[in-house]
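S.K.: 3D model of this:
(2 chains)
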Amino acid sequence: MTGNSLWIVRNLWLIPALPMLAAGCSAFLKKSERTLSATLAIGSMSLSLLLALFAFLQMLIDPTRQVVSFAWLRFGDQWLSLGWLLDPLAAVMLVMVTFVGLLIFIYSLGYMAHDDNFTRFFCFLSLFAGAMLGVVIANSLLLLFMCWEVVGLTSYLLIGFWFHRPAAAAAAKKAFITTRVGDLGLLIGMVWLYAQSGTLIFYDNGRGCLEQSAVAGLAGHVTLFGMAVSTAIGLLIFCGAAGKSGQVPLHVWLPDAMEGPTPVSALIHAATMVAAGVYLVARVYPLMSAHALEVVAWVGAITALFAACIAVAQDDIKRILAYSTVSQLGYMMLGLGVGGVAVGVFHLITHAFFKALLFLGAGSIIHGCTEEQDIRNMGGLRRFMPVTFLTYAAGMLALCGFPLFAGFWSKDAILHAAHGWGVSRGPFYLGAIGALLTAFYMTRQVCYVFFGQRRAPAASVMPATVAAHAIPADQLEPVVSARLGEVCAIEDPHESPVVMTRPLQILAVFAVFLGFVGTPAWPWFQSFIAGQTAKFDFGGFSEPGLLSIMLVSSLIVFAGLAFGWWFYGRKPILHATDPDALERLQPGIFHALANRLYVDEFYGVTVIALMRFLAAFSAWLDRWIFGGAVNLISWLVKGFGWLDAGADKFVVNGGFDEGCREVARGGRLFSRLQNGRVQTYLSVLAAALVVLAVLLLWGRRG
Amino acid sequence: MNPLAGCLLVSALLFSVGIAGALTRRSAILVLAGIELMLNAANLNFIAFWRFGPHPEFLTGMIFVIFSIAVAAAEAAVGLALILAIYRFTRTSDVSEITEMKG
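M.R.: Residues are numbered from 1 along each chain as shown, chains lettered A, B, ... in the order given. Alright, predicted model coming up:
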């Protein structure tokens, strides 16, 4: 332990430990103890929020980085240390995770009220929150990695929460395995970093692996293809971040992860866990060389555009949001790549609020529409769900980057940084087109869901969608599913209970106003992350190119909104089966986008086919080569055993039996002498006497 | 033929009679009597070798024979008691029928 005496720093571990403890306790609860488990989860989260706010205040007073390390285990002659740290970045993340998490916990009370496995749900949520907070405060790449893996585990558990639905079980596996691919890179990077610098502690009074001496040493070494070691390690760590944050080659799991309950989608797959990758890159930022950051920026920009394209043609309300999340994560990576920690993390924080809001709003819509998720079967919900509509609209405008909303400031900072990037203008153009598409697809979604008139789901479509989306699909008979569809079609949607709408309203306030902590005139957030104090100065806007970029991005947003309105809002969509406006215009492109640009299919015929082949080959190898060798040896051993048994039976036993028979025969012979007649013995004696006498006489004569 | 040889001859005859009786008689009592005869033949030998030996002045042979006769009397008593016990058990004293100890 270091000698610093700040209470909050020394006890920072309580923040992740409390939700973990709550998870541990509620794991032992019975299914019926719903209130207790929810109390545990929400109570522990509230305490964590209080502690996080306290830590945040501490950072406001004194923004220097505080670390606590302790020796954990020894191997060889080295001690492996773990520890936690408190710096402005961690403090901001702590407050964000605990605050958004708490709101989502409360929302879950309403959303999961009818679920049988309520206690299990809160147990997993608490475990997730604890692990995520552990990721945030970790001062050691190893500790971060451990929490990271627990986060991945809870993600798996929660995606597969309704595991009796085959789609959910498959999505859980897909998420787990896809992120594993990235985590392998992270693990290799971690081992390499340890081998090079001898420590995994980030900051350790000059000895940590992110501090000047270690980073300089890493940058000095050159490895494969002329890369600096720090570039290689940075890229490997970025692999892990890309897996967790759904960057392009590994993004396929995130849309499928929407099979989980909606609060999970909001908490894990929009606000916090997927941001962990961004946080990781921000945390190891000193390690990221310029070349590594180029890769990060390009991957982020491509992801931003790619996912935005796919989102245009999706029909599932949560899938649209999922692709939008992937796209926004791309923006964050782009921000980290071109602009530094503050730019990327600012978007992370604002995005966490408005994306959680959007997901919770989507959950409210789904809840109100009796588990309907297809936007074509909604329409006109504005009248039935006014609170949800208003908050959703706030979130949507924030996501689009509508001027003065939270997303505007953070996305604009990214675009501005990308515009000023010395290496290439490419990422800027990709990001700008992505912003246009973002405004477009969000308008499309809102028009479909809230405007127009209520559309009865087509009879032919309905049972299939209900079977796919209703919670306990296997518990409902097909007949019941069909009836559920009718109920949904006939009954008007209803507004959600207060326990669900209140978090929406709170989040909406943040979605609108949070951006003002990081405007060019008052860049408080950026300064706070950098450990400086911000000055209020409208001169910030006079930076060259800034105003024009803002103007351009505002125009882009307006254009996107206008296109969206032109295609979807101008004429109300009358029937659920009507072809999409874009589909009428460009059926080929629309179908390609609707099928997610065939990435899954591409993986199916390449990576997965290769894996299947390797598996079949391994099975063949196992069965015939290794199995054959084992069988051969077993046959040999059996043969030896058989020979041995033969030798034993016929040779050894035979000899022994013969000996025994001889002894028995001798015994019989002698027993004949022992006939029990005294006189026989006596006559033998007499005969012996005679013989002796004869012998004596014979001896005298001889 | 000196007196010692005569004595030994008598003793040998006595022994032969005793062993013949012991081997041929079926009655356990007569077998016992044969054994007594053989014993007495041995006693006669003791007396003869003492009387005609180098030191007839010491009474060694006589003492030996008196002891031997006493032991023989005890032996006869034990033998008869055994025969009586066997008779009670088997209802016979025919030694050829008493084959309990057959191996």
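
S.K.: In the stretch 351-500 of chain A, where is pLDDT below threshold?
M.R.: The stretch 351-500 of chain A contains residues with pLDDT under 70 at A:456-491.

S.K.: err, chain B, not the other one
M.R.: B:103.

S.K.: Could you rerun that using 90?
M.R.: B:1-3, B:23-28, B:51-62, B:86, B:89-103 (pLDDT under 90).

S.K.: near chain A, which residues of it show up?
M.R.: By C-beta under 8 Å from any C-beta of the partner chain, the part of chain B that sits against chain A consists of B:19, B:22, B:23, B:31, B:95, B:96, B:98, B:99, B:100, B:101, B:102, B:103. All C-beta atoms are positioned from the backbone trio N, CA, C, and that covers glycine.

S.K.: Distance check, the first one against residue A:601.
M.R.: Okay, so that is residue B:19. 121 Å (C-beta to C-beta, to the nearest Å).

S.K.: Tell me which of these two has more neighbours.
M.R.: residue B:19 (21 against 12; other C-beta atoms under 10 Å in any protein chain shown).

S.K.: shouldn't the more buried one be in contact with residue A:686?
M.R.: Yes - if you go by C-beta atoms under 8 Å, residue B:19 and residue A:686 touch, sitting 5.6 Å apart.

S.K.: What is the neighbour count of residue A:421?
M.R.: Neighbour number of residue A:421 under other C-beta under 10 Å is 19.

S.K.: Which SSE is immediately downstream of the helix or strand encompassing residue A:525?
M.R.: Using DSSP states H and E, residue A:525 sits in helix A:524-530. Note on helix A:524-530: by DSSP H and E, the next helix or strand toward the C-terminus is helix A:546-564.

S.K.: Any chance you could list what contacts that following helix?
M.R.: A:400-403, A:408, A:411-412, A:415-416, A:419, A:432, A:435-444, A:447, A:520, A:540-541 (C-beta atoms under 8 Å, 6 or more residues apart in numbering or on different chains).

S.K.: counting contacts, what elements does the helix or strand just after that helix pack onto?
M.R.: As assigned by DSSP H and E, the chain's next helix or strand after helix A:546-564 is helix A:581-585. When contacts are defined as 3 or more C-beta pairs under 8 Å, 6 or more residues apart in numbering or on different chains; DSSP states H and E, helix A:581-585 packs onto helix A:587-594.

S.K.: just checking, what packs against the helix it packs on?
M.R.: helix A:290-312, helix A:581-585.

S.K.: related to what we said a few turns ago, out of the residues of chain B next to chain A, which are buried?
M.R.: Buried members of the residues of chain B next to chain A, scored by 16 or more other C-beta atoms under 10 Å in any protein chain shown, are B:19, B:22, B:23, B:31, B:95, B:98.

S.K.: show me the contacts for residue A:290.
M.R.: With C-beta under 8 Å, 6+ apart, residue A:290 has no contacts at all.

S.K.: Residue 17: helix or strand, and which one exactly?
M.R.: Using chain A here. helix A:14-27.

S.K.: not quite, I wanted chain B
M.R.: Per DSSP H and E: helix B:3-24 holds residue B:17.

S.K.: same deal with residue A:84?
M.R.: strand A:78-86.

S.K.: ditto for residue A:69
M.R.: Going by DSSP H and E, residue A:69 is in strand A:66-75.

S.K.: Which of the residues in that strand are classified as buried?
M.R.: A:66, A:67, A:68, A:69.

S.K.: how much distance is there from that strand to the middle of the chain?
M.R.: 26 Å (C-alpha atoms, centre = their mean, to the nearest Å).

S.K.: Now do that strand and strand A:78-86, the angle between them.
M.R.: 160 degrees (axes from the mean of the first three to the mean of the last three C-alpha atoms, to 10 degrees).

S.K.: Alpha carbons of strand A:66-75, as PDB, please.
M.R.: Below are the C-alpha coordinates for strand A:66-75, written out as PDB (Å, rounded to 0.1, in the frame of the first residue of the first chain):
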ATOM      1  CA  GLN A  66      -3.900   8.700  -7.100                       C
ATOM      2  CA  VAL A  67      -2.900   5.100  -7.200                       C
ATOM      3  CA  VAL A  68      -3.000   2.200  -4.700                       C
ATOM      4  CA  SER A  69      -1.100  -1.000  -5.400                       C
ATOM      5  CA  PHE A  70      -0.700  -4.200  -3.500                       C
ATOM      6  CA  ALA A  71       1.300  -7.300  -4.100                       C
ATOM      7  CA  TRP A  72      -1.000 -10.100  -5.200                       C
ATOM      8  CA  LEU A  73       1.000 -13.200  -5.800                       C
ATOM      9  CA  ARG A  74       4.500 -14.300  -6.400                       C
ATOM     10  CA  PHE A  75       6.000 -16.400  -9.100                       C
END
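
S.K.: circling back: export the buried ones among the residues of chain B next to chain A to TSV and tack on distance to residue A:231?
M.R.: Listed next are those as TSV, based on distance: C-beta to C-beta, whole Å:
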residue	distance to residue A:231
B:19	123
B:22	122
B:23	121
B:31	121
B:95	118
B:98	114
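
S.K.: Give me the buried positions along the strand or helix carrying residue A:691.
M.R.: Using DSSP H and E, residue A:691 falls within helix A:678-701. By neighbour count with 16+ other C-beta under 10 Å, helix A:678-701 contains the buried residues A:678, A:679, A:680, A:682, A:686.

S.K.: Am I right that the second one is in contact with residue B:23?
M.R.: Yes - here residue A:679 lies in contact with residue B:23, judged by C-beta under 8 Å, at a distance of 5.7 Å.

S.K.: Quick check: residue A:142 touching residue A:80?
M.R.: Yes - using C-beta under 8 Å, residue A:142 makes contact with residue A:80 at a distance of 7.1 Å.

S.K.: shared neighbours of those two, anything?
M.R.: residue A:200.

S.K.: quick revisit: can you give me how far the helix holding residue B:17 is from the chain middle?
M.R.: Taking mean C-alpha positions (C-alpha atoms, centre = their mean), helix B:3-24 and its chain are 11 Å apart.

S.K.: between it and helix A:678-701, how big is the angle?
M.R.: Helix B:3-24 runs at 150 degrees relative to helix A:678-701, counting by the same axes, to 10 degrees.

S.K.: list the buried ones in helix B:3-24?
M.R.: In helix B:3-24, counting by 16+ other C-beta under 10 Å, buried: B:7, B:8, B:11, B:14, B:15, B:18, B:19, B:21, B:22, B:23.
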